[in-house]
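Q: Everything below, folded, please.
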Amino acid sequence: MIGFLIALISGALMSVQGVFNTQVTKSSSIWTASAFVQLSALLVCLGAWICTDRSSLLRVFEVEPKYMLLGGAIGAFITYTVIKSMDMLGPARAVMLIVVAQLAVAYLIELLGLFGVEKQPWEWRKALGMGVAVAGIIIFKWK
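A: Residues are numbered from 1 along each chain as shown. Sure, this is the predicted structure:
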């Protein structure tokens, strides 16, 4: 149950953050706004680390395979694409497409067992759920 609640909070925060970041780009540029977002995230994470953890920061470099360290670089492009999509489509449409893309890619990762994730079998009900999500986008966009 707590995982469900955390996921709901995450989705809500992503939507609010996307709107905030899109507004910041109107006063600067998309890459300046993205850099500020990443810098402020770094400061919050360092503050949380100081207050709670204090394990060695260098232990992250022990991860295998090393390409797993690209999450931060991917995060920069996530920030960029969220800002651009919200600016071009509006928050509701952008978030719907983002969530469906996340769901589709996450399911594909599970089906293929990519990136160290345990491989899962194909399930028609999950494919049907994806279809319902896509239908929701079509209905939402329909005028």
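Q: Tell me which residues of stretch 83-91 come out buried.
A: In terms of neighbour count (16 or more other CB atoms under 10 Å), stretch 83-91 has its buried residues at Ile83, Ser85, Met86, Asp87, Pro91. No exception for glycine: its C-beta is placed from N, CA and C like everyone else's.
Q: Quick one: the helices in the protein, in order.
A: According to DSSP state H, the chain carries its helices in the segments 2-25, 30-52, 71-89, 91-112, 124-141.
Q: which residues touch the third one?
A: Right, the one you point to is helix 71-89. Counting by CB atoms under 8 Å, 6 or more residues apart in numbering, the neighbours of helix 71-89 from elsewhere in the structure are 14, 17-19, 21-22, 25, 30-31, 33-34, 37-38, 41, 94-95, 97-98.
Q: what's around Trp124, how many residues?
A: Counted with other CB atoms under 10 Å, residues neighbouring Trp124 total 7.
Q: what's the neighbour count on Ala92?
A: Residues near Ala92, counting by other CB under 10 Å, number 12.
Q: Likewise for Ile139?
A: A total of 8 residues lie near Ile139 under the criterion other CB under 10 Å.
Q: Distance of it relative to Leu69?
A: In this structure, Ile139 and Leu69 are 40 Å apart, going by CB to CB, to the nearest Å.
Q: just to revisit the earlier point, nearest to Arg54 among the buried residues of stretch 83-91?
A: Nearest to Arg54, judged by CB to CB, of these is Ile83 at 33.4 Å.
Q: Tell me the one among the buried residues of stretch 83-91 nearest to Ala106.
A: Using CB to CB as the measure, the one of the buried residues of stretch 83-91 that approaches Ala106 most closely is Ser85, at 18.3 Å.
Q: hmm, which of the contacts of helix 71-89 are the buried ones?
A: In those, burial by neighbour count holds for 14, 17-19, 21-22, 25, 30, 33-34, 37, 94-95, 97-98, counting by 16+ other CB under 10 Å.
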